[in-house]
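Kindly generate the corresponding structure for this input.
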Amino acid sequence: MGIDVSKMVLDATALFPDNGHCHSQFKNTKAGFGQLVRWAAKLSPDHGLILGFEDTGVYSVGLGRFLSGKGLRFVSESAYRIRRPVGVVRGKDDQAGSLMIARYLKRNLDELTFGQAAPGLLLELGQLSSQRERLLKEKSAHKTRIKELKVLGGCLDVRFLLRIEKEMVALLDRKLKEVQAEMNRRVAERRELREKKELLCTVPGVGGQTANQMLVLTRGFTRFPCWRKFPCYAGLAPFRYSSGTSVRGRTRVSKIANKKIKALLTMGALTSIKAGNEYRKYYDRKTAEGKHPMAALNAIKNKIVSRMFAGRNREEHALRVPAGLSES
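Next comes the predicted model:
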């Protein structure tokens, strides 16, 4: 069953083995979720129906948590994965969208991974992290405005505007501290998360913000079956670019990535190199051998990721002891 999730309603389409389908609409509320489940149960009394929907952020969180609480199988997939294989689509219709999702589920049944809603605390941390990013962007915009006003100060009286902008920056600084304190408080309250964060921060190049993001994105390191899946998600895995005998592009990472965690890992890798630890030795050796500096930096980011995932199945001291870097 494909479910098109929007702000107010859910469009659900059940696709049967003979390619026949049945459509209905429900409210995007807890009561609507219950009606959806009862409707689905009538269509498939043997519980053979698979529910699937696009991950639309805040609008699909409630549905995922409800289905998970009921112990039902469901697939939460990105819009990119669902819509790209379809090709050219003209117009937009929620009912047609739900049928598209249902057909995607049927076509990729053997490769689907059933989802499990993230714990409420991790979802809350994710929202706090998003709020922090918005505050940082607003602060950056006000600081840019201050620079512009100082340029105008030579020919215009901008003292009032400067005062307003400086007050806004000071206010945003206070709110940023409040958000960060709230994130730290919530992590500290949960022993398991607190210990994981402390362990992550022992990895060279990993700070508090990177640790928080990793906990949220990996759902406490339960979302990805192995660490090598995460570099693809974060845009760190290099892919070849070639075709036949005429196309011979350089190996490069994909632009399809979570750019927030990629930026944090980049900053962590640069900081780690400047600190002069084993990553710096690796970087110097590879660049001396002719490896492109950005490729060497990307390899370090992958090593940081592998060290963070190592903490899932190892004792704490495994991350504290500097690990030898491979020649790859």
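
how far away is G208 from L297?
22 Å (CB to CB, to the nearest Å). Yep, even glycine has a C-beta here, placed from its N, CA and C like the rest.

who's more crowded, the two?
Neighbours were counted for G208 and for L297 using other CB atoms under 10 Å; L297 has more, 19 against 14.

Skipping its backbone neighbours, what lies nearest the more buried one in space?
A269 (5.6 Å; CB to CB, 6 or more residues apart in numbering).

mind listing what the one you found touches?
205, 279, 297, 300-301, 304 (CB atoms under 8 Å, 6 or more residues apart in numbering).

State the next helix or strand along the chain beyond whatever helix or strand it lives in.
Here A269 sits within helix 259-275, counting by DSSP states H and E. Next along the chain after helix 259-275, taking DSSP H and E as the criterion, comes helix 278-288.

Quick one: mean pLDDT over that following helix.
Averaged across helix 278-288, pLDDT comes to 88.

for stretch 227-237, same thing?
87.

Let's see that stretch as CSV, backbone CA atoms only.
Extracted C-alpha coordinates of stretch 227-237, given in CSV (Å, rounded to 0.1, in the frame of the first residue of the first chain):
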residue,chain,number,x,y,z
TRP,A,227,29.7,1.7,8.6
ARG,A,228,30.3,1.5,4.8
LYS,A,229,26.7,2.4,4.1
PHE,A,230,27.0,5.8,5.9
PRO,A,231,29.7,7.3,3.6
CYS,A,232,27.2,6.9,0.7
TYR,A,233,24.6,8.7,2.7
ALA,A,234,27.0,11.5,3.7
GLY,A,235,28.5,11.9,0.2
LEU,A,236,31.9,10.6,1.1
ALA,A,237,32.0,7.4,-1.0
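
Enumerate the positions of stretch 224-234 that are buried.
Residues of stretch 224-234 classed as buried: 224, 227, 230-231, 233-234 (neighbour count, 16 or more other CB atoms under 10 Å).

And stretch 295-313, by the same measure?
Applying a neighbour-count criterion of 16+ other CB under 10 Å, one finds 296-309, 311 buried in stretch 295-313.

who's in contact with that stretch?
With contact meaning CB under 8 Å, 6+ apart, stretch 295-313 is reached by 196, 199-200, 203-206, 214, 221, 224, 226-227, 230-231, 234, 236-238, 253, 262, 265-266, 268-270, 272-273, 279, 282-283, 286-287, 318-319, 323, 325, 328.

switch to 7 Å and redo it
Outside stretch 295-313, the residues that touch it by CB atoms under 7 Å, 6 or more residues apart in numbering are 199-200, 203, 205-206, 214, 221, 227, 230-231, 236, 253, 265-266, 268-269, 272, 279, 282-283, 286-287, 318-319, 323, 325.

Over to stretch 251-263?
With contacts defined as CB under 7 Å, 6+ apart, stretch 251-263 is touched by 213, 217, 233-241, 298.

same thing but 8 Å
80, 133, 210, 213-214, 217, 232-241, 298, 301.

Equivalent analysis for stretch 173-192, please.
121, 124-125, 128-129, 131-132, 135-136, 139, 193-194, 197, 208, 212, 215, 220.

Stretch 233-246 now?
217, 224, 228, 231, 247-259, 261-262, 265, 295, 298, 301-302, 305.

try it again with 6 Å
Stretch 233-246 is contacted by residues 231, 248-249, 251, 253-254, 257-258, 261-262, 298, 301-302 when judged by CB atoms under 6 Å, 6 or more residues apart in numbering.

Output these in TSV, with secondary structure and distance to F53 appended to each entry.
Shown next, in TSV, are the contacts of stretch 233-246 (DSSP: H, G, I helix; E, B strand; the rest coil; distance: CB to CB, whole Å):
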residue	secondary structure	distance to F53
P231	helix	27
R248	strand	41
G249	strand	36
T251	strand	35
V253	strand	29
S254	coil	25
A257	coil	23
N258	coil	20
I261	helix	24
K262	helix	26
N298	helix	34
K301	helix	32
N302	helix	32
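
Now for those: which two are most distant?
Using CB to CB, the two most remote members of the contacts of stretch 233-246 are R248 and I261, lying 30.9 Å apart.

which one of these two has more residues nearby?
Legend: neighbour count by other CB under 10 Å for R248 and I261, higher for I261 (23 against 10).
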